[in-house]
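Visitor: would you be able to build a 3D model of this:
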Amino acid sequence: MARKAKELSALEVGRLKEAGHHAVGGVAGLYLYVNEAGARSWVLRFMAGDKRRHMGLGGFPDVPLAHAKEKARQARDDIGRGIDPIAQRQAAISQLRVQQMSEKTFEQAATAYIEAHGDTWKNAKHRAQWEATLKTYAYPIMGKLHVRDVGQEQVLKVLEPIWKSKNETASRVRGRIESVLDWATVRKYRTGENPARWKGHLDHLLAAPSKVKKVEHHRALPIDEMAAFMKELRQREGMAARALEFTILTAARSGEVRGASWSEMDLEVGVWTVPAERMKAGKEHRVPLSAAALKLLKALPRLEKGEHVFYAPRGGQLSDMSLTAVMRRMEVDAVPHGFRSTFRDWVGERTQYPRELAEQALAHVLDNKVEAAYRRGDGLEKRRQMMTEWAKFCTLKFG
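Guide: Numbering: from 1, shown residues only. Presented below is the predicted three-dimensional model:
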């Protein structure tokens, strides 16, 4: 047991300025420590088992004498019960740190999920959409909540206001929340079932998307107006007009055309190979080039620097509105994507080509699993013949 020193008053303690340890009495082992710089703090010296310990009790005068004595007595009581107060404090701090490490807000969890998975997504646009939809719809409701506390109430509060009016967006937000919460569960930031899961849970609380989703068809040009449209289009100057013409001749998506590079074009064989990372389905797609498509490509000017086949006036890729702008100037009530529908209608109504060949030309993923399993190859040469006939049809009346 440490020897009790003469008990000093608060005034006497305040006068202690000399560097070193000063016993203040009242509680055995209680000292005021003054360092060389003059800073003062409380120290309790004691034996815990066979270990000599020095325990800090706070700075002086922030911790006054009376409070220091109270803290020292509590520590002495712990020692008397066989508890090492320093070890106890360290264990509490360690536990606090563990707890803090396991606490993440939903926004922090979502950010970590995107960081972990973003590089595997097919393009930067997909990542931006993830971030934008969560920021717009989820974060205002649950962003600052601990991810462990996100429940059905919060999920519904996010989804219900937009479930009927913006169902496609709402469905994506639901799926993204579900993915974030699944990630958080595996990382042990939360426990229990996922409140954003659809099957067996939200499907009982929200209307099925098929019942509330508004189908918006892309405005398409009627089949019999194609030739006249193509004649006028070919009279239009500019890279956007040529990109739109090529889009029609290949039945491709405008984004695939705008991002096309010369390295993807084999003009000798007459094939345009779109890499998987630029395809909606994430699978490489070969496009047979008709004579009309090849003629268009060979007539295009090329930049000395840059690989884009169809480039913007200042270089780089054409904007997603450039092709639409051409159609607006032509005063046509349709959109570029609608030409894929026109092509599909032409195949079904004016030719004998099988449906699946048209679906291959459009790079659609077959819903029929059996049909998809039995598909062999990509029907390139059969599609070449079909695309040649399509090009001829588009210029049938006017050459």
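Visitor: how about low-confidence regions in this protein?
Guide: 1-4, 92-94, 96, 98-102, 122, 213-218, 366-377, 397-399 (pLDDT under 70).
Visitor: next helix or strand past whatever helix or strand residue 90 lives in?
Guide: Per DSSP states H and E: residue 90 is located in helix 85-101. Counting by DSSP H and E, the next helix or strand C-terminal to helix 85-101 is helix 106-117.
Visitor: got the contact list for that next one?
Guide: 104, 127, 130-131, 134, 138-139, 142-147, 150, 176, 179-181, 183-184, 187, 189 (CB atoms under 8 Å, 6 or more residues apart in numbering). From N, CA and C alone the C-beta is placed, and that goes for glycine too.
Visitor: would you show me how to pick out the buried ones of these in ChimeraX?
Guide: Buried residues among the contacts of helix 106-117 (16 or more other CB atoms under 10 Å), as a ChimeraX selection:
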select :104,127,130,131,134,138,139,142,146,147,150,176,179,180,181,183,184,189
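Visitor: thought residue 250 was touching residue 387?
Guide: Yes. Because the distance of 7.1 Å satisfies CB atoms under 8 Å, residue 250 is recorded as touching residue 387.
Visitor: neighbour count: these two, which is higher?
Guide: residue 250 (26 against 23; other CB atoms under 10 Å).
Visitor: so for the longest helix anywhere in the chain, what gets flagged as buried?
Guide: Scanning the chain for the longest helix, with DSSP state H as the assignment, gives helix 167-186. By neighbour count on 16+ other CB under 10 Å, the buried set for helix 167-186 is 167, 170-174, 176-181, 183-185.
Visitor: that's a helix at residue 297, yeah?
Guide: Yes. Counting by DSSP: H, G, I helix; E, B strand; the rest coil, residue 297 is part of a helix.
Visitor: quick revisit: of the buried residues of helix 167-186, just say which sits nearest to residue 18.
Guide: residue 184 (55.9 Å; CB to CB).
Visitor: residue 147 is in contact with that closest one, correct?
Guide: Yes. Residue 184 is within contact range of residue 147, at 4.5 Å (criterion: CB under 8 Å).
Visitor: can you get me a residue count around residue 137?
Guide: As a burial measure, residue 137 scores 22 neighbours (other CB under 10 Å).
Visitor: pretty sure it sits in a helix.
Guide: Yes. If the criterion is three-state DSSP, then residue 137 is within a helix.
Visitor: excluding residues flanking it in the chain, which one is nearest it?
Guide: Nearest residue to residue 137, sequence neighbours excluded (CB to CB, 6 or more residues apart in numbering): residue 173, at 5.1 Å.
Visitor: could you look up the SS state of residue 25?
Guide: On the three-state scheme (three-state DSSP), residue 25 is labelled coil.
Visitor: and this structure, what are its domains?
Guide: According to automatic domain parsing, the chain comprises the domains 10-101, 106-212, 223-394.
Visitor: enumerate every residue touching the residue nearest to residue 118 when sequence neighbours are not counted.
Guide: Leaving aside its sequence neighbours, residue 118 sits nearest to residue 127 (CB to CB, 6+ apart; 4.7 Å). Contacts for residue 127 (CB under 8 Å, 6+ apart) come out as 114, 118, 121.
Visitor: quick one, which of these are buried?
Guide: residue 114.
Visitor: save the contacts of residue 127 as TSV, and put in distance to residue 9 too.
Guide: Compiled in TSV, the contacts of residue 127 are given as follows (distance: CB to CB, whole Å):
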residue	distance to residue 9
114	62
118	65
121	71
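Visitor: spit out the contact partners of residue 18.
Guide: residue 34.
Visitor: pick out the most distant pair among the buried residues of helix 167-186.
Guide: 167 and 185 (26.5 Å).
Visitor: the residue nearest to residue 137 reaches residue 141, doesn't it?
Guide: No. Applying CB under 8 Å, one finds residue 173 not in contact with residue 141, separated by 10.6 Å.
Visitor: so what's in contact with the two at the same time?
Guide: residue 158.
Visitor: residues touching residue 272, list them.
Guide: Contacts for residue 272 (CB under 8 Å, 6+ apart) come out as 250, 260, 264, 265, 266, 286, 287, 289.
Visitor: rerun at 6 Å
Guide: 264, 265, 287, 289 (CB atoms under 6 Å, 6 or more residues apart in numbering).
Visitor: can you tell me the SS state at the nearest residue to it once chain neighbours are set aside?
Guide: Nearest residue to residue 272 in three dimensions, chain neighbours excluded: residue 287, at 4.2 Å (CB to CB, 6+ apart). With three-state DSSP as the basis, residue 287 sits in strand.
Visitor: can you get me a residue count around residue 287?
Guide: Quick note: residue 287 (other CB under 10 Å) scores 27 neighbours.
Visitor: that one reaches residue 251, doesn't it?
Guide: No. With contacts counted by CB atoms under 6 Å, residue 287 stays clear of residue 251, the gap being 8.3 Å.
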